[in-house]
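Asks: for reference, the sequence and a predicted model appear below.
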Amino acid sequence: MCGIVAYIGPKQAYPLLIKGLHRLEYRGYDSAGVALMHDNKICLYKSKGKVSDLEQYISNKDTKGNVGIGHTRWATHGSPNDVNAHPHYSMSEDLVIIHNGIIENYATLKEGLSKRGYIFKSETDTEVLAHLIEDIQKKGNYNLFEAVRLALSEVVGAYAIVVMSKNEPNHLIAAKKGSPMVIGIGENEFYMASDATPIVEHTRNVVYLNDEEVALIEPGNDLRIITVGNHEITPYIQQLQIELELLEKGGYDHFMLKEINEQQRSIRDSLRGRMDPNTGRISMAGIIDFEKKFLQARRIIIIGCGTSWHAGLVGEYLFEEYARIPVEVEYASEFRYRNPILYEDDIVIAISQSGETADTLAAIQLAKQKGATIFGICNVVGSSIARATDAGAYTHAGPEIGVASTKAFTAQVSVLALIALALGNKNGNLSETAYRKTLTQLDRVPEMVSEVLKTEEVVKRLAALFKDARNFLYLGRGVNFPVALEGALKLKEISYIHAEGYPAAEMKHGPIALIDEQMPVVVIANRNTSYEKIVSNIQEVKARGAQVIAIVTKGDKEVTRLADYAIEIPDIDELLSPLITVVPLQLLSYHIAVLRGCNVDQPRNLAKSVTVE
Ligand code: G6P
């Protein structure tokens, strides 16, 4: 969480920082701030609220400066207010710092600094770091680069920081551990940011800092990197591949709606070049390299958080059915603290859109220590998780900006389906006919998604009818049980309506007690092997007075007659159906949230990339 951005070079820093902060706002939006350096003076502006509030606040202020740092915050230490907003000054106000992460030993460090006369204005862990760097500089007469390195050697926890000092105005210092940091290298200028989105329109040459690396960033000189342990590192410069137009709303009211509508393309992009339904060939570099390991795997353990965990649950059905490989799916946050039993012939698949989720990253480290092979499914190229895994396959969904994940989910499920099909074909579990047929279906999913998107007007009307409901229940069976969870999560996240996802048959063991006339129940009831069972489940909820919204297969008669409202989707192979059943649920939550006046792209208390525990 928290987005950081910085600039040093010949241009005016402020407009670049504000634009960059808007791009990074998905990472946190409870307060924001910038510090600008001009004529060896630092001007610092910060305020509670969103980046637009900061912009408003600064509108009549002095924003001169070719060097600057900016921050958008998701509070961890201290409530979101003006004082706790970043940047933070050191005691003398000679240096300022922005920080993403958590300094775990901040209390001990703070105590020592307080004893040495340092006064703290905020409740943040970051201010500790500002004072610590200054203290080290004073005690040892160190330059800023060295002082930052020494300070970081005392720090336990996660950080991505940029430090600016009016005593050393020709450079900035950046460092990272656990939280991401990208440095863009331009013509006699440098950009720094939590991800590449603020950088890509200025330069495509970037360096991703690795953990415990500290960089000296000075226009006119090459980028210099040392480790916290004081070893010189040669920077590895990479080329960014992001498409700029995907970072804009492109005529849609919200990123979420744009991203829902992009799914035809994002699923296609995630499959492109990896499968050919005509030849029956699936070719994925990450799988080819690890094919033997996959085929001999004792188990597959899938880890992830939030929506990525839901994609993992779908993956369980896909792997077990297509390839008959046993699968366990776990929340990364539970897995990492559970002393799990892992074998060397286990494969751990880590799923993450951002590739930065702290719990998933920590779970990967644990699995690595225990000797398992780690396969990553990430959306953000070059992200920490992508780099921490042994092999992997990117989802090519393009940047996902809306905090509620949509196109990342369908891209993840598409990639999981491809891998499961490839393994089922190789290990002989899937007959050639079944394999070919499923591959042809998978190839048709993008066009089915555009078909489902045409239901938007119907969904909008339902949203208007149900926008004031206080609770929702989502029911699904089999591979659509995780879709019920995902539908409920979407609604909770952006409309703040309480919603629960449940396996339809399990409902009678509890949630049925909640059902009355006030409770809308969304049932995923497309044609599948448990169709008759779900018909009975609908009867059960109808008997208790619930209003039923059913997702049905085009032409369906029975459920359509039983339910109060039906949304039709194309007929599709059962195991691939989550790729399209989820779409109306995404639209429903979107339109309900809009009608309730909620901030769809930046829901309260949430952040897109959760880089803290
Ligand atoms: C946050 C986001 C969710 C996301 C989850 C996991 O909670 O708000 O949308 O599903 O993190 O993120 P990841 O980037 O690892 O998929």
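Replies: Sure, I can see it.
Asks: what's the residue of the stretch 301-450 of the chain found nearest the ligand in contact with, if anything?
Replies: Of all residues in the stretch 301-450 of the chain, Gly306 sits closest to the ligand, at 2.7 Å by CB to the nearest ligand atom. All C-beta spots, glycine's among them, are computed from the backbone N, C-alpha and C. Neighbouring residues of Gly306 by CB atoms under 8 Å, 6 or more residues apart in numbering: 405, 489.
Asks: 10 Å - rerun?
Replies: Shown in contact with Gly306 (CB atoms under 10 Å, 6 or more residues apart in numbering): 331-332, 351-353, 357, 359-360, 404-405, 408-409, 486, 489, 493, 606, 608, 610.
Asks: helix, strand or coil for the closest residue to Thr395 other than its chain neighbours?
Replies: Leaving aside its sequence neighbours, Thr395 sits nearest to Ala411 (CB to CB, 6 or more residues apart in numbering; 3.6 Å). Recorded secondary structure, Ala411: helix (DSSP: H, G, I helix; E, B strand; the rest coil).
Asks: quick one: contacts for the closest residue to Glu558 other than its chain neighbours?
Replies: Using CB to CB, 6+ apart and skipping residues adjacent in sequence, the residue nearest Glu558 is Val535, 5.8 Å away. Under the criterion of CB under 10 Å, 6+ apart, the contact list for Val535 reads 523, 525, 550, 558-559, 562-563.
Asks: what's downstream of the least confident helix or strand in the chain by mean pLDDT, the next helix or strand?
Replies: Within the chain, no helix or strand scores below helix 285-289, which has a mean of 84 by mean pLDDT, DSSP states H and E. The first helix or strand that comes after helix 285-289 along the chain, using DSSP states H and E, is helix 291-295.
Asks: contact residues of the stretch 351-500 of the chain facing the ligand?
Replies: Proximity of the stretch 351-500 of the chain to the ligand (CB under 6 Å from any ligand atom) is limited to residues 352-354, 357, 360, 403, 405.
Asks: next step: those restricted to helices.
Replies: When those are checked against helices (DSSP state H), the matches are Thr360.
Asks: would you mind writing the CA trace of stretch 457-470 as PDB?
Replies: Taking Å, rounded to 0.1, in the frame of the first residue of the first chain, the C-alpha atoms of stretch 457-470 are listed here in PDB:
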ATOM      1  CA  GLU A 457     -29.100  -3.100 -19.400                       C
ATOM      2  CA  VAL A 458     -30.900  -6.000 -17.700                       C
ATOM      3  CA  VAL A 459     -28.400  -5.900 -14.900                       C
ATOM      4  CA  LYS A 460     -28.700  -2.200 -14.600                       C
ATOM      5  CA  ARG A 461     -32.500  -2.500 -14.000                       C
ATOM      6  CA  LEU A 462     -31.900  -5.100 -11.400                       C
ATOM      7  CA  ALA A 463     -29.400  -2.900  -9.700                       C
ATOM      8  CA  ALA A 464     -32.000  -0.100  -9.500                       C
ATOM      9  CA  LEU A 465     -34.500  -2.600  -7.900                       C
ATOM     10  CA  PHE A 466     -32.000  -4.000  -5.300                       C
ATOM     11  CA  LYS A 467     -29.700  -1.000  -4.600                       C
ATOM     12  CA  ASP A 468     -31.200  -0.500  -1.100                       C
ATOM     13  CA  ALA A 469     -31.000  -4.100   0.100                       C
ATOM     14  CA  ARG A 470     -29.000  -4.500   3.300                       C
END
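Asks: now the helices for the stretch 301-450 of the chain?
Replies: Secondary structure of the stretch 301-450 of the chain (DSSP state H, counting those that start in this stretch): helices at 306-318, 332-335, 358-369, 384-388, 407-426, 432-453.
Asks: just give me how far whichever helix or strand comes after the longest one sits from the chain centre.
Replies: Next in sequence after helix 432-453, counting helices and strands by DSSP H and E, comes helix 456-466. The gap between where helix 456-466 is centred and where its chain is centred comes out at 28 Å by CA atoms, centre = their mean, to the nearest Å.
Asks: quick one, what contacts the residue nearest the centre of the chain?
Replies: Computing the C-alpha centroid of the chain and ranking residues by CA atoms, centre = their mean puts Ser354 first, at 3.6 Å. By CB under 10 Å, 6+ apart, the contact list for Ser354 reads 26-27, 180, 195, 305, 308, 360, 378-380, 383-385, 400, 405, 408, 607-611.
Asks: if we can go back for a sec, would you agree the residue nearest to Thr395 is in contact with Pro399?
Replies: No - the pair Ala411 and Pro399 fails to qualify as a contact (CB atoms under 10 Å) at a distance of 11.9 Å.
Asks: which among the contacts of Val535 end up buried?
Replies: Buried residues within the contacts of Val535, counting neighbours by 16 or more other CB atoms under 10 Å: 523, 525, 550, 559, 562-563.
Asks: is it possible to get CSV of these that adds secondary structure?
Replies: Formatted as CSV, the buried ones among the contacts of Val535 follow (three-state DSSP):
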residue, secondary structure
Val523, strand
Ala525, coil
Ala550, strand
Val559, helix
Leu562, helix
Ala563, coil
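Asks: which single residue in the stretch 51-200 of the chain comes nearest to the ligand?
Replies: At 10.5 Å from the ligand, Trp74 is the closest residue in the stretch 51-200 of the chain, using CB to the nearest ligand atom.
Asks: setting the sequence-adjacent residues aside, check what's closest to that residue.
Replies: Leaving aside its sequence neighbours, Trp74 sits nearest to Gly28 (CB to CB, 6+ apart; 2.8 Å).
Asks: and the one you found, how far from the ligand?
Replies: 11 Å (CB to the nearest ligand atom, to the nearest Å).
Asks: so for the closest residue to Ile282 other than its chain neighbours, what pLDDT did the model give?
Replies: Of all residues not flanking Ile282 in the chain, Ala422 sits nearest, at 4.2 Å (CB to CB, 6+ apart). pLDDT, Ala422: 95.
Asks: which residues are in contact with Ala422?
Replies: Ala422 touches 274-275, 281-284, 287-288, 291, 294-295, 322-323, 430, 435, 439, counting by CB under 10 Å, 6+ apart.
Asks: go on, Lys139?
Replies: 116, 147, 150.
Asks: by pLDDT, give me the weakest of the residues you listed.
Replies: Out of those, that is Arg116, at 94.
Asks: for the nearest residue to that one once chain neighbours are set aside, give its distance to Ser530.
Replies: Once flanking residues are discounted, Arg116 sits nearest to Asp135: 6.5 Å by CB to CB, 6+ apart. Distance from Asp135 to Ser530, counting by CB to CB, to the nearest Å: 65 Å.
Asks: then Gln586?
Replies: Taken as CB to CB, the span from Gln586 to Ser530 is 23 Å.
Asks: who in this structure is up against the ligand?
Replies: Going by CB under 6 Å from any ligand atom, the residues of the chain near the ligand are 305-308, 352-354, 357, 360, 403, 405, 606, 608-610.
Asks: which residue does the stretch 451-600 of the chain have closest to the ligand?
Replies: Glu493 (6.9 Å).
Asks: sorry, back to before: Tyr317: which of the buried ones among the contacts of Val535 is nearest?
Replies: Among these, Ala525 lies closest to Tyr317 (CB to CB), at 17.3 Å.
Asks: which residues in the stretch 201-350 of the chain form strands?
Replies: 205-208, 213-217, 224-227, 232-233, 238-239, 275-276, 281-282, 299-304, 327-331, 346-352 (DSSP state E, counting those that start in this stretch).
Asks: now find how far off-centre the second one is within its chain.
Replies: The chain centre lies 26 Å from the centre of strand 213-217; the measure is CA atoms, centre = their mean.
Asks: what pairs with that strand, parallel or antiparallel?
Replies: Paired neighbours of strand 213-217 in the sheet (DSSP bridges): strand 172-177 (antiparallel), strand 224-227 (antiparallel).
Asks: report the buried residues of the shortest one.
Replies: The one in question is strand 224-227. Quick answer for strand 224-227 (16+ other CB under 10 Å): 225-227.
Asks: now these in JSON lines, with pLDDT and distance to Asn599?
Replies: Formatted as JSON lines, those follow (pLDDT from 0 to 100; distance: CB to CB, whole Å):
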{"residue": "Ile225", "pLDDT": "98", "distance to Asn599": "39"}
{"residue": "Ile226", "pLDDT": "98", "distance to Asn599": "42"}
{"residue": "Thr227", "pLDDT": "98", "distance to Asn599": "41"}
